[in-house]
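S.K.: Sequence and predicted model, in that order:
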Amino acid sequence: MIRPKLISAALLFATAGAMTSGVSAITLELAKKCEALTAKAFPHRVIGNPAAGSAKGSGKDAQAYFNKCVKNDGKVDDDGSKEAK
């Protein structure tokens, strides 16, 4: 005889598994592309020393830029293109 608690636990896990979102991890290629774009947009103050900080913007700005790149599948508008218009 199957216990009622066991049935309830199985139903709970099945329901929780069905409710998880379909969010997937980013691909390696996208991560590398966005990292390269972020490094180009926010170069290090001292080459080869990331602890020295960025010559442009802050770490928070660089992180927002990277997240925007990932969100847009590697396509990010540069600020320079906006200023040229």
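M.R.: On my side now, so go ahead. In this text, all values refer to a predicted model and were calculated from it rather than measured experimentally. Numbers count the residues shown, from 1 in each chain.

S.K.: quick one: low-confidence ranges for this protein?
M.R.: 1-23, 78-85 (pLDDT under 70).

S.K.: just the strands in it please.
M.R.: 44-46, 49-54 (DSSP state E).

S.K.: and the first one, what other elements does it pack with?
M.R.: Other helices and strands packing on strand 44-46, by 3 or more C-beta pairs under 8 Å, 6 or more residues apart in numbering; DSSP states H and E, are strand 49-54. The C-beta positions use only the backbone N, C-alpha and C, and glycine is treated the same way.

S.K.: Now do the contacts for Val76.
M.R.: Residues in contact with Val76, defined by C-beta atoms under 8 Å, 6 or more residues apart in numbering, are 34, 37, 41, 65, 68-69.

S.K.: got those as a markdown table, with distance to Ala55 columns?
M.R.: Formatted as a markdown table, the contacts of Val76 follow (distance: C-beta to C-beta, whole Å):
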| residue | distance to Ala55 |
| --- | --- |
| Cys34 | 19 |
| Leu37 | 16 |
| Ala41 | 11 |
| Tyr65 | 14 |
| Lys68 | 20 |
| Cys69 | 19 |
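
S.K.: Write a PyMOL command that selects only the buried members of the residues you listed.
M.R.: Applying 16 or more other C-beta atoms under 10 Å to the contacts of Val76, the buried members can be selected in PyMOL as follows:
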select buried, resi 34+37+41+65+69
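
S.K.: ok, the contacts of Val76 vs Ile47, which is closest?
M.R.: Ala41 (15.6 Å; C-beta to C-beta).

S.K.: Quick check: nearest residue in space to the closest one, chain neighbours excluded?
M.R.: Tyr65 (5.8 Å; C-beta to C-beta, 6 or more residues apart in numbering).

S.K.: Next, the contact list for that neighbour, please.
M.R.: 37-38, 41-42, 57, 76.

S.K.: quick one on the thing from earlier: nearest to Glu29, of the strands of the chain?
M.R.: strand 49-54 (22.5 Å).

S.K.: Quick check: can you name the pairing partners of the closest one and their directions?
M.R.: Here strand 49-54 has these sheet partners by DSSP bridges: strand 44-46 (antiparallel).
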